[in-house]
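Asker: below are the sequence and a predicted model for it; my questions follow.
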Protein chains: 2
Amino acid sequence: MINTLLDAVKWNDKGLVCAVVQDRRTLRVLMVAWMNTEALRQTVATGFAHYYSRSRQRQWMKGEESGHTQKVYELRLDCDGDALVLLVEQQGGIACHTGHASCFYRIYRNNDWISTDPVIKSENEIYTQSECVQKHK
Amino acid sequence: MINTLLDAVKWNDKGLVCAVVQDRRTLRVLMVAWMNTEALRQTVATGFAHYYSRSRQRQWMKGEESGHTQKVYELRLDCDGDALVLLVEQQGGIACHTGHASCFYRIYRNNDWISTDPVIKSENEIYTQSECVQKHK
């Protein structure tokens, strides 16, 4: 059976596709995560971003513990089908498990990686201690 | 020896890292490509984006055949070091080997993937026929 949503995607050898997540207003790149078929299906079905955690080896909804959900406004696919772009509204203004607005808070400048962004909320505030593990791998 | 640029990156099992490329003015995501250590080193050394082609299994400079080079204005790394963001000036306004401005010219709407962007230049105009192969894998 042809599934238009899933069949256009070129899943990698682990059954995953790379997803770039942008804030729909600022267009800042918030994070890069991975989706399996179920995560993509759930994202479209619910309108909220779902990913596949490579470390926890399971599909999850972004923000399910932190409350930092991502409402999806646009979903795009690249020319050869192996990358997605999501335009989202980031609940709480925090995408990163470290409490930064974006996971990309380090810039390469003067031969060093420099943190340019403040921590909006500490990890301990975002998660209870036992939950404070990598959130989007 | 510590190499600040390269050691902060968490290279995957194939020695690659994912690079998200944004237009520095519009902030549109133009493409997603992959870098090996040499591509990242060359990108920083020259100020022009270099990638690793998975299909051709070699490092290359974006635009080396098409002329559609990418001058890099900002280089960012994510929280766990396995993704980069490049803010670039896209020569010719065309990032995609298909002749679209962005590789992400398809949007998911009404249960289908729809092309939203025009082809600015045909592949035959961009490349000679023998060169007309996937350009950034």
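Answerer: Great, that's in hand.

Asker: pLDDT score assigned to residue A:42?
Answerer: Note on residue A:42: pLDDT of 97.

Asker: which residues of chain A lie near chain B?
Answerer: Selection of chain A residues close to chain B by C-beta under 8 Å from any C-beta of the partner chain yields A:4-5, A:8, A:18, A:20, A:22, A:26-29, A:31-32, A:44, A:74-80, A:82-83, A:85, A:96-98, A:100, A:103-108, A:111-113, A:134, A:137. (Each C-beta comes from the backbone N, C-alpha and C, glycine too.)

Asker: switch to 6 Å and redo it
Answerer: When proximity is defined by C-beta under 6 Å from any C-beta of the partner chain, chain A lies next to chain B at A:4, A:8, A:20, A:27, A:29, A:32, A:75-79, A:83, A:85, A:96, A:98, A:103-104, A:106-108, A:112-113.

Asker: give me the neighbour count for the closest residue in space to residue A:119 that isn't next to it in sequence.
Answerer: Nearest residue to residue A:119 in three dimensions, chain neighbours excluded: residue A:99, at 4.3 Å (C-beta to C-beta, 6 or more residues apart in numbering or on different chains). For residue A:99, the count of nearby residues is 21 (other C-beta atoms under 10 Å in any protein chain shown).

Asker: pull the CA atoms of the strand or helix carrying residue A:71 into PDB?
Answerer: Following DSSP states H and E, one finds residue A:71 within strand A:70-77. Extracted in PDB, the C-alpha atoms of strand A:70-77 (Å, rounded to 0.1, in the frame of the first residue of the first chain):
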ATOM      1  CA  GLN A  70       6.500  21.800  19.800                       C
ATOM      2  CA  LYS A  71       3.400  22.600  17.800                       C
ATOM      3  CA  VAL A  72       4.100  22.000  14.100                       C
ATOM      4  CA  TYR A  73       3.100  24.600  11.500                       C
ATOM      5  CA  GLU A  74       5.000  23.400   8.500                       C
ATOM      6  CA  LEU A  75       6.700  20.100   7.500                       C
ATOM      7  CA  ARG A  76       9.200  20.000   4.600                       C
ATOM      8  CA  LEU A  77      11.200  17.300   2.900                       C
END
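
Asker: hang on, residue A:55 is in a helix, isn't it?
Answerer: No: with DSSP: H, G, I helix; E, B strand; the rest coil as the criterion, residue A:55 is located in coil rather than a helix.

Asker: sorry, back to before: my guess is the residue nearest to residue A:119 meets residue A:121, correct?
Answerer: Yes: between residue A:99 and residue A:121 there is a contact under C-beta atoms under 6 Å: 4.5 Å.

Asker: next, the angle strand A:70-77 makes with the longest helix seen in chain A.
Answerer: In terms of residue count, the longest helix belonging to chain A (DSSP state H) is helix A:37-46. On the basis of axes from the mean of the first three to the mean of the last three C-alpha atoms, to 10 degrees, helix A:37-46 is oriented at 120 degrees to strand A:70-77.

Asker: quick check: buried residues in helix A:37-46?
Answerer: A:37, A:39, A:40, A:41, A:42, A:43 (16 or more other C-beta atoms under 10 Å in any protein chain shown).

Asker: can you add distance to residue A:61 and give those back as CSV?
Answerer: CSV is the format used below for the buried residues of helix A:37-46 (distance: C-beta to C-beta, whole Å):
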residue, distance to residue A:61
A:37, 15
A:39, 9
A:40, 13
A:41, 12
A:42, 7
A:43, 9
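
Asker: what helix or strand is the residue nearest in space to the middle of chain A on?
Answerer: Of all residues in chain A, the one closest to the mean position by C-alpha atoms, centre = their mean is residue A:33, 4.4 Å from it. Taking DSSP H and E as the criterion, residue A:33 maps to strand A:29-35.

Asker: what's in contact with that strand?
Answerer: Outside strand A:29-35, the residues that touch it by C-beta atoms under 6 Å, 6 or more residues apart in numbering or on different chains are A:16-17, A:19-23, A:51-52, A:95, A:102-104, A:136, B:20, B:83, B:85.

Asker: could you dump that strand to PDB, C-alpha only?
Answerer: This file holds the C-alpha atoms of strand A:29-35, laid out as PDB (Å, rounded to 0.1, in the frame of the first residue of the first chain):
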ATOM      1  CA  VAL A  29      17.300  26.500  14.300                       C
ATOM      2  CA  LEU A  30      16.300  25.000  17.600                       C
ATOM      3  CA  MET A  31      17.500  21.500  17.400                       C
ATOM      4  CA  VAL A  32      18.200  18.500  15.200                       C
ATOM      5  CA  ALA A  33      16.600  15.200  16.100                       C
ATOM      6  CA  TRP A  34      15.700  11.900  14.400                       C
ATOM      7  CA  MET A  35      12.400  10.400  13.500                       C
END
